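Novice: Return atomic coordinates for the entry below.
(2 chains)
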Amino acid sequence: LAKTTQPISMDSYEGQEVNITCSHNNIATNDYITWYQQFPSQGPRFIIQGYKTKVTNEVASLFIPADRKSSTLSLPRVSLSDTAVYYCLVGSGANNLFFGTGTRLTVIP
Amino acid sequence: EAEVAQSPRYKITEKSQAVAFWCDPISGHATLYWYRQILGQGPELLVQFQDESVVDDSQLPKDRFSAERLKGVDSTLKIQPAELGDSAMYLCASSLAPTPGQDTQYFGPGTRLTVL
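Specialist: As a prediction, the model looks like this:
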């Protein structure tokens, strides 16, 4: 089971870039890395997904080194509305979905 | 934008009672997931369906929990009897691809269950 390890919490000021790193030492060849965002009392929301190198979309970037044992979610110029819990998910098949405890990001004015 | 629907949004019940949650996935999504999320923790997968078939229910407490997706569309998760430790948010998600982890899961708003 490809479990993940993330920092429990992070604080950042508005306008700064935030990088959240996830460790997944036991990642399997077929596993993709997906990040979700969750606000209180809501279901998680997809942010970004990647397999290797770098992926960028309109809200975030995902950096994955060659060994794929970790990944970094980068949020450019965060705002107060980015305060949420961020989950790193690694999995590619049945019995292989594990959210972990996530990283609680607090954006400070 | 299409969304996953869940009902009820909130449910309060007494222990030993039966409860049921309903989920309607996004149209065309063959894969459906039920998760349980205890306050302060990440979602825990309970059961995964591919169309009407169960793909994974290894974490489902089968002595009291059951799930079905009879026509491969909407799904029901039941708990009987409910216990105090079942108090949690129950989340439903759906996705297009049959291989989880390789595409996007779309989550519903969840059902908050409180067992007294």
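Novice: Please make it C-alpha for all contacts and neighbour counts, starting now.
Specialist: OK.
Novice: so how many other residues sit close to the residue nearest to A:T21 when sequence neighbours are not counted?
Specialist: Spatially, and ignoring its direct neighbours in sequence, A:T21 is nearest to A:T72 (4.3 Å; Cα to Cα, 6 or more residues apart in numbering or on different chains). Look at A:T72: counted by other Cα atoms under 10 Å in any protein chain shown, it has 19 neighbours.
Novice: My guess is A:T72 contacts A:L62. True?
Specialist: Yes: with contact defined as Cα atoms under 8 Å, A:T72 counts as touching A:L62 (5.7 Å).
Novice: Up against chain A, what does chain B have?
Specialist: B:40-45, B:48, B:55-56, B:58, B:91, B:99-110 (Cα under 8 Å from any Cα of the partner chain).
Novice: Report the contact partners of residue 60.
Specialist: Picked chain A for this. A:47-48, A:73-76 (Cα atoms under 8 Å, 6 or more residues apart in numbering or on different chains).
Novice: Correction: the question concerned chain B.
Specialist: Shown in contact with B:L60 (Cα under 8 Å, 6+ apart): B:46-47, B:66.
Novice: what about the residue nearest to A:T21, distance to B:E52?
Specialist: 36 Å (Cα to Cα, to the nearest Å).
Novice: same check, this time on A:V85
Specialist: 32 Å.
Novice: Looking only at neighbour counts, state which of these two leads.
Specialist: Legend: neighbour count by other Cα under 10 Å for A:V85 and B:E52, higher for A:V85 (22 against 18).
Novice: Excluding chain neighbours, what is closest to that one?
Specialist: Leaving aside its chain neighbours, A:V85 sits nearest to A:R104 (4.3 Å; criterion: Cα to Cα, 6+ apart).
Novice: What lies in contact with the helix or strand encompassing the one you found?
Specialist: Assigned by DSSP states H and E, A:R104 belongs to strand A:103-108. For strand A:103-108, contacts defined as Cα under 8 Å, 6+ apart pick out A:6-14, A:20, A:78-87.
Novice: Check stretch B:94-110 too.
Specialist: Contacts of stretch B:94-110 (Cα under 8 Å, 6+ apart): A:31-34, A:41-46, A:49, A:89-94, A:97, B:3-7, B:9, B:25-26, B:28-33, B:50, B:89-93.
Novice: Run the chain-centre distance for stretch B:12-25.
Specialist: Mean C-alpha position of stretch B:12-25 versus that of the full chain (Cα atoms, centre = their mean, to the nearest Å) differs by 10 Å.
Novice: At which residues are the strands of chain B located?
Specialist: Taking DSSP state E, the strands of chain B run over residues B:5-7, B:10-13, B:19-24, B:31-37, B:44-50, B:53-56, B:65-68, B:75-79, B:88-95, B:106-107, B:111-115.
Novice: ok, which residues in chain A are in contact with chain B?
Specialist: For chain A, the residues found near chain B under the criterion Cα under 8 Å from any Cα are A:31-34, A:41-46, A:49, A:87, A:89-95, A:97-102.
Novice: Now the buried members of those.
Specialist: By neighbour count, with 16 or more other Cα atoms under 10 Å in any protein chain shown, the residues of chain A next to chain B hold A:31-34, A:43-46, A:49, A:87, A:89-95, A:97-102 as buried.
Novice: related to what we said a few turns ago, neighbouring strands of the strand holding A:R104 in the sheet, and parallel or not?
Specialist: According to DSSP bridges, strand A:103-108 forms sheet pairs with strand A:9-13 (parallel), strand A:84-91 (antiparallel).
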